[in-house]
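Student: predicted model, plus sequence, below.
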Amino acid sequence: MKKTNIQEIASRITEYFSPKIITEVDNQYVKIAKIKGDDVPWHDHEYEDELFFILNGKLTMEIEGHLPFQMHVGDIFVVPKGVSHRIYSIEECVIMLIESKSTKHTGELRTSITKSIDQQKKLG
């Protein structure tokens, strides 16, 4: 058991689109990521929901078949399993993700930003 400070962890993250696992709850990982730009491709997670919580900045959420919408500090949104989505932010945005341990970073799609679970465990 240990206390975790999200602001301190976020200050150590230097790479965008690279979620870092900060703790776990049962079969879920809690992750922090910094987003800036539009490098996240359209993807889905066939079997897992994905929770987004905005800690700092603004995030644009795009859901297939829907108009894009802005998320602001304090906003929370769950992308249901199987729903194609992507995110982007013009300015730096810090998000918290809660995902099943089986959730692949960019679903079945592999791109230059895709991170394995082992890479997500390395906070550096």
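Tutor: Looks like it arrived, so ask away. Numbers count the residues shown, from 1 in each chain.
Student: let me see the contact set for the residue nearest the centre of the chain.
Tutor: Centre of the chain computed as the mean C-alpha position; nearest residue by C-alpha atoms, centre = their mean is L97, 4.7 Å away. Counting by C-beta atoms under 8 Å, 6 or more residues apart in numbering, L97 touches 19, 29-33, 50-53. C-beta coordinates here come from the backbone N, C-alpha and C atoms, glycine included.
Student: that one: helix or strand, and which one exactly?
Tutor: strand 85-100 (DSSP states H and E).
Student: for the helix or strand bottoming out on mean pLDDT in the chain, could you pull out the residues that count as buried?
Tutor: Least confident helix or strand, the chain: helix 117-121 with a mean of 77, by mean pLDDT, DSSP states H and E. Of all the residues in helix 117-121, those buried under the rule 16 or more other C-beta atoms under 10 Å are Q120.
Student: that's a helix at K34, yeah?
Tutor: No. Assigned with DSSP: H, G, I helix; E, B strand; the rest coil, K34 falls outside any helix and is strand.
Student: tally of neighbours for it?
Tutor: A total of 21 residues lie near K34 under the criterion other C-beta atoms under 10 Å.
Student: other SSEs contacting the least confident helix or strand of the chain?
Tutor: When contacts are defined as 3 or more C-beta pairs under 8 Å, 6 or more residues apart in numbering; DSSP states H and E, helix 117-121 sits against strand 20-25.
Student: on that earlier part again, chain center to the strand holding L97, what's the gap?
Tutor: 5 Å (C-alpha atoms, centre = their mean, to the nearest Å).
Student: now do stretch 100-116
Tutor: For stretch 100-116, the distance to the chain centre is 11 Å (C-alpha atoms, centre = their mean).
Student: tell me which residues are up against that stretch.
Tutor: With C-beta under 8 Å, 6+ apart, stretch 100-116 has contacts from 17-19, 24, 27-29, 39-50, 117, 120.
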